[in-house]
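1. My questions are about this predicted structure, shown below with the sequence.
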Amino acid sequence: MAISLNKLTAKQVTSIKEPGRHSDGGSLYLVVDKSGAKRWVFLYRRNDRQREMGLGGIDTVTLASARELAAEARRKLQAGIDPIEAKKAVIDEIPTFGDCADDFIETMKPSFRNAKHIAQWEMTLREYAKPLRSKVVNEITTSDVLEALKPIWLTKSETASRVRGRIERVLDAAKAQGYRSGENPARWRGNLQNLLPKRKKLVRGHHVALSYKNVPTFMAALRERIAVAARALEYTILTAARSGETYGMKWREIDRKEAVWTVPPERMKAFREHRVPLTPRALAILDEMALFGTNPDAYVFPGQQKKKKGRPLSGMAMEMVLRRMKVDVTVHGFRSSFRDWCGEETSFPREIAEAALSHVVGDETEQAYRRGDALAKRRRLMTAWANYCEPKTDNVIPMKRRVGT
């Protein structure tokens, strides 16, 4: 009996909406999922049991290609070969999405801004892309990507958007390495934008900050914690640094004699070297950290888990300290606390305060004439800030006055 083949047309493949299996003949089926995603499968019987071999989604496998793959599978069956087992033998040479994601992050680490950015990539591709990690990278379809994104698409809109973009980049890298072919199933335009509801617009606000008036009380509570992350947070507040600058700090950046921390350009947001004057309390924190070793290439605030030996603290370590202390602010928000204190309680010039935050002030002409970094003036400012942050004792009556140059 002759096999009925080629029942479907390219137009039908595009227009069919009804969920279920739609036969093209010769055991080849177009499967339409409830989500609307479409994929090809080859159904056959082997040892009295039905087996289903996925051939890929319609975004990566055309009707003609699906028919060729089905014909090849039929030839294998006629030769006594199970096409799924034969496919597995080939797949063994192709990595999973998880392997590709991990390799991609490792390769791209030098281009990431800071340790926190790296940690965010690692966490999102580990947790939110979990449904994809065990799948062979060349078999991932639009349906698979939707499975990962739908649970968070409306509830964690901004995160979901980042996850989609990161999945797309990993799959693009896999294609460049020859592990995939065809269109990227995580592509937004003309693809996922037609399958996912419109996200709610994110209302952006400032990083939640602690009022500078409450900083001394907070610092007193922070001093009671002995964790490395607590010392890193205190150091970050005292230096008005960004968290990534603290996480990535190595001993070679510290000049203890001159009491200066020099952050290299590649670790700065503005890609400009930034010198930070260190106050006595900041130096005392470094003395504590020196107990872990001061190898020039070692991180000042090292990760404490065995598996993190030789690596910095987790990119979320300081945020976790705040959560445990039940303080609803962000690490970055302390830079705002510092800036508010400068403006409200001191007479230091605006440009000195902005320089302490490593902000670029003025137009190109003004910057060209201002070649120094006002380190001496900034040292007076940071000393005043450190003195203000110092926990107050009960037997001292504070005398309010403005400090400045």
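-> Everything's here; your move.

2. Just the residues contacting the helix or strand harbouring residue 380, thanks.
-> Per DSSP states H and E, residue 380 falls inside helix 375-389. Residues outside helix 375-389 that contact it (Cβ atoms under 8 Å, 6 or more residues apart in numbering): 212, 215-216, 219, 237-240, 259-260, 275-282, 338, 341-342, 345-346, 348, 352-353, 355-356, 403-405. (C-beta placed from N, C-alpha, C; glycine too.)

3. Weed out the non-buried ones from those residues.
-> Neighbour-count burial (16 or more other Cβ atoms under 10 Å) applied to these gives 212, 215, 219, 237-240, 259, 275-279, 281-282, 338, 341-342, 345-346, 348, 352-353, 355-356, 403.

4. on that earlier part again, tell me the buried residues in the helix holding residue 380?
-> Residues of helix 375-389 classed as buried by neighbour count (16+ other Cβ under 10 Å): 377-386, 388-389.

5. One more: stretch 154-174?
-> Result for stretch 154-174 [16+ other Cβ under 10 Å]: buried residues 159-161, 163-164, 166-171, 173-174.

6. all strands for the stretch 151-300 of the chain, in order.
-> 254-255, 260-263, 274-277 (DSSP state E, counting those that start in this stretch).

7. so which of the ones you listed comes closest to residue 77?
-> strand 260-263 (64.0 Å; Cβ to Cβ).

8. For the closest one, name the packing helices and strands.
-> Other elements packing on strand 260-263 under the criterion 3 or more Cβ pairs under 8 Å, 6 or more residues apart in numbering; DSSP states H and E are strand 254-255, strand 274-277.

9. and that strand, how far from the chain's centre?
-> Remark: strand 260-263 is offset 26 Å from the chain centroid, using Cα atoms, centre = their mean, to the nearest Å.

10. And the helices in the stretch 151-300 of the chain?
-> Taking DSSP state H, counting those that start in this stretch to define them, one finds helices in the stretch 151-300 of the chain at 157-176, 215-223, 228-239, 243-247, 280-289.

11. Now render these as a markdown table, adding mean pLDDT and distance to residue 68.
-> Below are the helices of the stretch 151-300 of the chain laid out as a markdown table (pLDDT from 0 to 100; distance: least, Cβ to Cβ, whole Å):
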| stretch | mean pLDDT | distance to residue 68 |
| --- | --- | --- |
| helix 157-176 | 90 | 20 |
| helix 215-223 | 96 | 65 |
| helix 228-239 | 97 | 57 |
| helix 243-247 | 92 | 50 |
| helix 280-289 | 96 | 62 |
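
12. My guess is residue 277 contacts residue 241. True?
-> No. If you go by Cβ atoms under 8 Å, residue 277 and residue 241 don't touch, sitting 11.9 Å apart.

13. which element is residue 348 on?
-> Judged by DSSP H and E, residue 348 forms part of no helix or strand.

14. So it is in contact with residue 341, correct?
-> No. Using Cβ under 8 Å, residue 348 is not in contact with residue 341; the gap is 10.0 Å.

15. Can you verify residue 45 is assigned to a strand?
-> Yes. Assigned with DSSP: H, G, I helix; E, B strand; the rest coil, residue 45 falls within a strand.

16. Tell me which residues touch it, please.
-> By Cβ under 8 Å, 6+ apart, residue 45 lies in contact with residue 51.

17. bridging residues for it?
-> residue 50 (DSSP bridges).

18. give the contact list for the closest residue to residue 217 other than its chain neighbours.
-> Nearest residue to residue 217, sequence neighbours excluded (Cβ to Cβ, 6 or more residues apart in numbering): residue 391, at 7.5 Å. By Cβ under 8 Å, 6+ apart, the residues touching residue 391 are 216-217, 219-220, 223.

19. switch to 10 Å and redo it
-> 215-224 (Cβ atoms under 10 Å, 6 or more residues apart in numbering).

20. Same question for residue 183.
-> Residues in contact with residue 183 (Cβ under 10 Å, 6+ apart) are 57-60, 142, 171, 175, 190-191.

21. in stretch 38-46, what's buried?
-> For stretch 38-46, the neighbour count (16+ other Cβ under 10 Å) marks 38-44 as buried.

22. Which two among these are spaced furthest apart?
-> The span of the buried residues of stretch 38-46, defined through Cβ to Cβ, is set by 38 and 44 at 20.4 Å.

23. sorry, back to before: kindly point out which residues are neighbours of both of residue 277 and residue 241.
-> Joint contacts of residue 277 and residue 241 (Cβ under 10 Å, 6+ apart) are 261, 356.

24. So, low pLDDT: which residues of this protein?
-> Applying pLDDT under 70 to the chain picks out residues 1-2, 89-92, 113, 199-207, 306-308, 361-372, 393-405.

25. let's see it at 50
-> Counting by pLDDT under 50, the low-confidence segments of the chain come to 1, 202-205, 363-371, 395-401.

26. got the domain boundaries for it?
-> 10-91, 97-194, 212-389 (automatic domain parsing).

27. of the ones you listed, which approaches residue 3 most closely?
-> Comparing the domains of the chain by Cβ to Cβ, domain 10-91 comes nearest, at 5.1 Å.

28. possible to save the domains of the chain as CSV with distance to residue 4?
-> Formatted as CSV, the domains of the chain follow (distance: least, Cβ to Cβ, whole Å):
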stretch, distance to residue 4
domain 10-91, 4
domain 97-194, 27
domain 212-389, 58
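
29. which stretch of helix or strand covers residue 118?
-> Going by DSSP H and E, residue 118 is in helix 115-127.

30. try residue 64
-> Element membership for residue 64, per DSSP H and E: helix 63-78.

31. outside of that helix, which residues touch it?
-> Helix 63-78 has contacts (Cβ under 10 Å, 6+ apart) with 3, 5-6, 8-14, 24-30, 39-46, 53, 55-56, 58, 61-62, 81-87, 181-182.
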